[in-house]
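Participant: below are the sequence and a predicted model; questions follow.
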Amino acid sequence: MTIAKLITVSLIVAMWATAGLAQSAQVAFGTIQQNSGLPVEVTAENLSVDQTAGKAVFSENVLIIQGEMRLSADQVTVIYDSVAQGIAQIEAVGNVILISGEDAAESDRADYNVDDGTIVMTGSVLVAQGPSALTADSMTVRLQDGTAQMSGRVRTVLQPEQN
């Protein structure tokens, strides 16, 4: 398998592991069960691979699609763990948008640490679920227990259900 194919497959597997997003109140985010067997499409204007540094950078209009999940950013960097031969970190920078079904989250940056299973979104974080929205300076998502911690000027708008 070429390094570019390995990068693409590894990136997508890691990104879709992030499908469950929740607050401590267990607010679900999008399609909780993402089918990793679905085809994955990655588009970007550029791909740069640095095997010595152990990283690959997708840049300019990056869009990753699998099923109902969409991730877009100005740049996505994949950093490899040289010991485990897998992905250690994924960094999405600039106009980061994650969409699953009708739910969306956006921020200036998102860092996914594969080893500890956390995603940290920073910089004008906005989570929209239907008519409700939640904003903060940062959000840390723990994938193991499906909880999220919002911090830094947290604000929420909850819309009651209409009968």
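Facilitator: Received, thanks. These numbers come from a predicted model, not from an experiment. Numbers count the residues shown, from 1 in each chain.
Participant: in three-state terms, label the spatially closest residue to Met150 that is not a sequence neighbour for me.
Facilitator: Of all residues not flanking Met150 in the chain, Ala136 sits nearest, at 4.0 Å (C-beta to C-beta, 6 or more residues apart in numbering). For the C-beta atoms, the positions are set from N, CA and C on the backbone; glycine is no exception. Following DSSP: H, G, I helix; E, B strand; the rest coil, Ala136 is assigned to strand.
Participant: ok, now how distant is Ala136 from Ala92?
Facilitator: 18 Å (C-beta to C-beta, to the nearest Å).
Participant: settle it for me: which of these two has more neighbours?
Facilitator: Ala92 (27 against 21; other C-beta atoms under 10 Å).
Participant: so which strand or helix has the more buried one?
Facilitator: Per DSSP states H and E: Ala92 is located in strand 86-100.
Participant: which strands and helices sit next to that strand?
Facilitator: helix 3-16, strand 69-81, strand 103-113 (3 or more C-beta pairs under 8 Å, 6 or more residues apart in numbering; DSSP states H and E).
Participant: next secondary structure element downstream of the longest one?
Facilitator: What that stands for is helix 3-16. That would be, after helix 3-16 and using DSSP H and E, strand 40-43.
Participant: what lines up beside the helix or strand following that next one in the sheet?
Facilitator: Sequence order places strand 46-50 as the next helix or strand after strand 40-43, per DSSP H and E. Within its sheet, and counting by DSSP bridges, strand 46-50 is paired with strand 55-66 (antiparallel).
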